[in-house]
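>>> missing the sequence, but the structure's below:
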């Protein structure tokens, strides 16, 4: 049976399974990107010598009730 011959009910009940490795790679890449973003925000923005950038990061910490000093 070709995909064009499937009914709507069959398509709704169809399950797509990914290989285990694809799910693990997706989780790993998401975790790595979150760590890179965190390091950038803390390392580059939080300790910036440009006053406007540093103050913006400082204000965001205060607005999220994060103690910073």
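Thanks, I have it. Just so it is clear, the model here is predicted, and its values are computed rather than measured. Residues are numbered from 1 along each chain as shown.

>>> quick one: least confident helix or strand in the protein?
Within the chain, no helix or strand scores below helix 8-13, which has a mean of 67 by mean pLDDT, DSSP states H and E.

>>> how far does the helix or strand containing residue 31 sit from its chain's centre?
Secondary structure from DSSP states H and E places residue 31 in helix 20-39. On the basis of Cα atoms, centre = their mean, to the nearest Å, helix 20-39 sits 8 Å off its chain's mean C-alpha point.

>>> list the buried residues for the next helix or strand after it?
Of the helices and strands lying after helix 20-39 in sequence (DSSP H and E), the nearest is helix 51-63. Neighbour-count burial for helix 51-63 flags residue 57 (criterion: 16 or more other Cβ atoms under 10 Å). Backbone N, C-alpha and C define where each C-beta goes, glycine included.

>>> quick one: contacts of helix 51-63?
Residues from elsewhere that reach helix 51-63, judged by Cβ atoms under 8 Å, 6 or more residues apart in numbering: 41, 45, 46, 47, 48, 68.

>>> of all pairs in those, which one is the farthest apart?
Distance extremes for these: the farthest pair is 48 and 68 at 14.1 Å, using Cβ to Cβ.
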